[in-house]
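Student: Got a sequence here, can you build the structure:
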Amino acid sequence: MEDRSESYTLSLSLEIDLLRSFTVIAEVRAFSRAASRIGRTQSALSQQMKRLEEIVDQPLFQRTGRGVVLTNPGERLLIHAQRILRLHDEAMADLSGKGLSGTIRFGCPDDYAAVFLPHLLRQFSSQHPHALVEVVCAPTPRLLEQLEMHALDLAMISLPDNVANDGIIRREPLVWVGYPGLDASHFDPLPLALSDPDTLDHVAACEALQRAGRAYRIAYASSSLAGLTALVRSGQAVAVITQTAVAPDLCILNGDPALPALPSIGITLKFERARPSHLIKVFAEHIRLTLPLL
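Tutor: Predicted coordinates for the structure are as follows:
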């Protein structure tokens, strides 16, 4: 009861707009990226946060060389802000009659899920708190199989970048990834940790190395991104994944002269049926609007 009461008291003094901007900055840890996502100038966002700090009479951010981190008061405010925003958005969705309900069976590759899904699902849930999104993570070929079997309603999938498709909503470069300090030229043949043989990253890696005349071997093949990155962290192999999914402790090796250039891929959505339900169409439109900004 104390937490709920304290959050309600705070909400009387704190504007929803300020709290929403604050939570975005806390998530992306940089004013520039937050400004781009929110659609404000960085200067306007800084003024908002200055005003918020004056209201709570506490410093909320500490600047670092790579962006900002929350101070202890900032971490405490974030807990309240998330609760206030959730209650606010639920109330608005309920009273406006716009909140939808139902279940969506959504498929997403592992690398996209780790980077994009938290924000996509959080925002959708705030607008439609009674809608449930069930997520299945698998490589694109496996998701297409599940769509064919009617086990999914919608899937985010990868396409070759050179395929003409008006539905591509984001493009991502494929990159060679290794453990920091790894020198790919020391390996002969080059050990690879790749996804399933019919995935775009697997095909792109093998074709690029074959064109370059570089010998390689598949040291580990798995549909699990966690399994692939675990082998990369051990220093025993290099992997090919989308640039946005590279973990902070791993290193992009694209500048390595021993490794050939890789293509980009396109991200699009595929429905299970030609005429999806209104809820699924709304979720798909939410992804189309949000994904390019992440």
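
Student: Every contact and neighbour count from this point should use C-alpha atoms.
Tutor: Will do.

Student: What strands line up against the helix or strand where residue 103 lies, and which way round?
Tutor: Element membership for residue 103 (DSSP states H and E) is strand 101-108. When pairs are called by DSSP bridges, strand 101-108 turns out to pair with strand 130-137 (parallel), strand 154-160 (parallel).

Student: Of all the ones you listed, which one comes closest to residue 40?
Tutor: For residue 40, the closest of the strands paired with strand 101-108 is strand 154-160, at 28.2 Å, according to CA to CA.

Student: Next secondary structure after that closest one?
Tutor: Going down the chain from strand 154-160, the next helix or strand is strand 170-178, by DSSP H and E.

Student: re earlier: just the CA atoms of the strand holding residue 103, as PDB, please.
Tutor: Only the C-alpha atoms of strand 101-108 are listed here, as PDB (Å, rounded to 0.1, in the frame of the first residue of the first chain):
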ATOM      1  CA  SER A 101      -8.100  -7.600 -26.100                       C
ATOM      2  CA  GLY A 102      -7.200 -11.100 -27.300                       C
ATOM      3  CA  THR A 103      -4.100 -13.200 -27.900                       C
ATOM      4  CA  ILE A 104      -1.400 -12.800 -30.600                       C
ATOM      5  CA  ARG A 105       0.900 -15.600 -31.500                       C
ATOM      6  CA  PHE A 106       4.000 -13.800 -32.700                       C
ATOM      7  CA  GLY A 107       7.300 -15.200 -34.100                       C
ATOM      8  CA  CYS A 108      10.600 -13.400 -34.000                       C
END
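
Student: so what secondary structure elements neighbour the following helix or strand past that strand?
Tutor: Helices and strands here follow DSSP H and E; after strand 101-108, the next one along the chain is helix 110-127. Counting contacts by 3 or more CA pairs under 8 Å, 6 or more residues apart in numbering; DSSP states H and E, helix 110-127 is packed against helix 72-96, strand 130-137, helix 278-290.

Student: and the shortest one, which residues are buried?
Tutor: Under the neighbour-count criterion of 16 or more other CA atoms under 10 Å, strand 130-137 has 130-133, 135-137 buried.

Student: again with the last one
Tutor: By 16+ other CA under 10 Å, the buried positions in helix 278-290 come out as 279-280, 283-284, 287-288, 290.

Student: Helix, strand, or coil at residue 205?
Tutor: Classification of residue 205 using DSSP: H, G, I helix; E, B strand; the rest coil returns helix.

Student: show me the contacts for it.
Tutor: Applying CA atoms under 8 Å, 6 or more residues apart in numbering, we find residue 205 in contact with 240, 262.
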